[in-house]
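Asks: Build the 3D model from these lines:
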Amino acid sequence: MEELKETRFFIIKWAVLLDLLLIGILVLFDIKSAFGLFVGALMSIVNFYLLSNSLQKAVKFPPVKAGLYVFVQYILRYTLWFLVFYISLQRKDVSLLTTIIGMLTVKIVILITNAFSCWESKQVV
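Replies: Numbering: from 1, shown residues only. This is a model prediction of the structure:
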(Lines give C-alpha, C1' and ligand atoms only; values in the text may rest on other atoms or scores of the structure.)
Protein backbone atom coordinates (compact mmCIF):
# COMPACT_ATOMS: atom_id res chain seq x y z
CA MET A 1 0.00 0.00 0.00
CA GLU A 2 2.89 2.34 0.74
CA GLU A 3 4.35 1.71 -2.73
CA LEU A 4 1.03 2.73 -4.24
CA LYS A 5 1.08 6.03 -2.37
CA GLU A 6 4.68 6.66 -3.43
CA THR A 7 3.81 5.95 -7.06
CA ARG A 8 0.78 8.24 -6.91
CA PHE A 9 2.89 11.00 -5.35
CA PHE A 10 5.63 10.52 -7.97
CA ILE A 11 3.18 10.78 -10.89
CA ILE A 12 1.37 13.80 -9.44
CA LYS A 13 4.67 15.56 -8.62
CA TRP A 14 6.02 15.19 -12.16
CA ALA A 15 2.67 16.11 -13.71
CA VAL A 16 2.60 19.31 -11.65
CA LEU A 17 6.18 20.13 -12.66
CA LEU A 18 5.39 19.53 -16.33
CA ASP A 19 2.23 21.64 -16.05
CA LEU A 20 4.06 24.50 -14.35
CA LEU A 21 6.73 24.44 -17.06
CA LEU A 22 4.15 24.50 -19.85
CA ILE A 23 2.04 27.16 -18.15
CA GLY A 24 5.15 29.29 -17.61
CA ILE A 25 5.96 29.08 -21.31
CA LEU A 26 2.38 29.77 -22.40
CA VAL A 27 1.97 32.80 -20.12
CA LEU A 28 4.61 34.54 -22.23
CA PHE A 29 2.53 34.10 -25.39
CA ASP A 30 -1.16 33.85 -24.54
CA ILE A 31 -2.88 34.02 -21.15
CA LYS A 32 -5.99 32.33 -22.57
CA SER A 33 -3.95 29.27 -23.52
CA ALA A 34 -2.18 29.22 -20.16
CA PHE A 35 -5.49 29.34 -18.31
CA GLY A 36 -6.86 26.50 -20.46
CA LEU A 37 -3.80 24.40 -19.69
CA PHE A 38 -4.20 25.14 -15.99
CA VAL A 39 -7.85 24.06 -16.01
CA GLY A 40 -7.08 20.86 -17.95
CA ALA A 41 -4.08 20.01 -15.79
CA LEU A 42 -6.04 20.51 -12.60
CA MET A 43 -8.79 18.23 -13.89
CA SER A 44 -6.26 15.62 -14.97
CA ILE A 45 -4.63 15.52 -11.53
CA VAL A 46 -7.99 15.39 -9.75
CA ASN A 47 -9.13 12.60 -12.09
CA PHE A 48 -5.94 10.59 -11.45
CA TYR A 49 -6.32 11.01 -7.70
CA LEU A 50 -9.99 9.94 -7.79
CA LEU A 51 -9.14 6.93 -9.94
CA SER A 52 -6.38 5.90 -7.58
CA ASN A 53 -8.62 6.17 -4.53
CA SER A 54 -11.52 4.32 -6.14
CA LEU A 55 -9.30 1.42 -7.18
CA GLN A 56 -7.74 1.19 -3.72
CA LYS A 57 -11.20 0.97 -2.19
CA ALA A 58 -12.58 -1.41 -4.82
CA VAL A 59 -10.04 -4.15 -4.14
CA LYS A 60 -11.37 -4.43 -0.58
CA PHE A 61 -14.95 -5.15 -1.72
CA PRO A 62 -16.49 -8.43 -2.89
CA PRO A 63 -16.41 -8.78 -6.71
CA VAL A 64 -20.00 -7.74 -7.44
CA LYS A 65 -19.91 -4.76 -5.11
CA ALA A 66 -16.47 -3.76 -6.43
CA GLY A 67 -17.75 -3.82 -10.00
CA LEU A 68 -20.70 -1.61 -9.14
CA TYR A 69 -18.52 0.78 -7.14
CA VAL A 70 -15.98 1.11 -9.96
CA PHE A 71 -18.77 1.68 -12.50
CA VAL A 72 -20.33 4.47 -10.43
CA GLN A 73 -16.91 6.10 -9.91
CA TYR A 74 -16.26 5.81 -13.64
CA ILE A 75 -19.50 7.62 -14.46
CA LEU A 76 -18.73 10.36 -11.92
CA ARG A 77 -15.22 10.92 -13.26
CA TYR A 78 -16.42 11.16 -16.86
CA THR A 79 -19.18 13.53 -15.78
CA LEU A 80 -16.44 15.77 -14.40
CA TRP A 81 -14.56 15.51 -17.71
CA PHE A 82 -17.72 16.48 -19.58
CA LEU A 83 -18.29 19.47 -17.30
CA VAL A 84 -14.74 20.71 -17.83
CA PHE A 85 -15.11 20.37 -21.60
CA TYR A 86 -18.47 22.14 -21.52
CA ILE A 87 -17.18 25.00 -19.38
CA SER A 88 -14.09 25.44 -21.54
CA LEU A 89 -16.30 25.59 -24.64
CA GLN A 90 -18.62 28.17 -23.08
CA ARG A 91 -16.01 30.51 -21.63
CA LYS A 92 -14.16 32.87 -23.92
CA ASP A 93 -11.12 33.11 -21.61
CA VAL A 94 -10.28 29.38 -21.79
CA SER A 95 -8.69 27.65 -24.78
CA LEU A 96 -10.23 24.25 -25.52
CA LEU A 97 -7.07 22.94 -27.20
CA THR A 98 -4.83 23.68 -24.23
CA THR A 99 -7.49 22.34 -21.87
CA ILE A 100 -7.30 19.02 -23.73
CA ILE A 101 -3.49 19.11 -23.61
CA GLY A 102 -3.66 19.81 -19.88
CA MET A 103 -5.97 16.85 -19.42
CA LEU A 104 -3.37 14.62 -21.05
CA THR A 105 -0.38 15.65 -18.93
CA VAL A 106 -0.78 12.87 -16.34
CA LYS A 107 -0.97 10.33 -19.17
CA ILE A 108 2.11 11.85 -20.79
CA VAL A 109 4.05 11.60 -17.50
CA ILE A 110 3.00 7.95 -17.08
CA LEU A 111 3.99 7.08 -20.65
CA ILE A 112 7.37 8.81 -20.37
CA THR A 113 8.07 7.19 -16.99
CA ASN A 114 7.22 3.74 -18.35
CA ALA A 115 9.21 4.29 -21.54
CA PHE A 116 12.36 5.15 -19.61
CA SER A 117 11.93 2.37 -17.06
CA CYS A 118 11.44 -0.20 -19.83
CA TRP A 119 14.44 1.13 -21.69
CA GLU A 120 16.62 0.87 -18.58
CA SER A 121 15.52 -2.71 -17.83
CA LYS A 122 16.44 -3.91 -21.33
CA GLN A 123 20.01 -2.61 -21.20
CA VAL A 124 22.71 -5.21 -20.95
CA VAL A 125 25.47 -4.33 -18.50
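
Asks: The most centrally placed residue in the chain: helix or strand, and which one exactly?
Replies: Nearest to the geometric centre of the chain sits Ser44, at 3.0 Å (CA atoms, centre = their mean). Assigned by DSSP states H and E, Ser44 falls within helix 31-58.

Asks: Can you list the buried residues in that helix?
Replies: Neighbour counts over helix 31-58 (16 or more other CB atoms under 10 Å) mark 33-45, 47-48, 51-52, 54, 58 as buried. For the C-beta atoms, the positions are set from N, CA and C on the backbone; glycine is no exception.

Asks: re the thing from before, is the residue nearest to the centre of the chain in contact with Ala15, as I believe?
Replies: Yes: counting by CB atoms under 8 Å, Ser44 touches Ala15, with 6.9 Å between them.

Asks: Name the residues contacting each of these two.
Replies: Shared contacts of Ser44 and Ala15 (CB atoms under 8 Å, 6 or more residues apart in numbering): 105-106.

Asks: Could you pull out the helices in the chain for me?
Replies: For the chain, applying DSSP state H gives helices covering 2-29, 31-58, 63-90, 96-103, 105-121.

Asks: Can you lay out the ones you listed as JSON lines showing mean pLDDT?
Replies: JSON lines is the format used below for the helices of the chain (pLDDT from 0 to 100):
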{"stretch": "helix 2-29", "mean pLDDT": "89"}
{"stretch": "helix 31-58", "mean pLDDT": "91"}
{"stretch": "helix 63-90", "mean pLDDT": "91"}
{"stretch": "helix 96-103", "mean pLDDT": "90"}
{"stretch": "helix 105-121", "mean pLDDT": "82"}
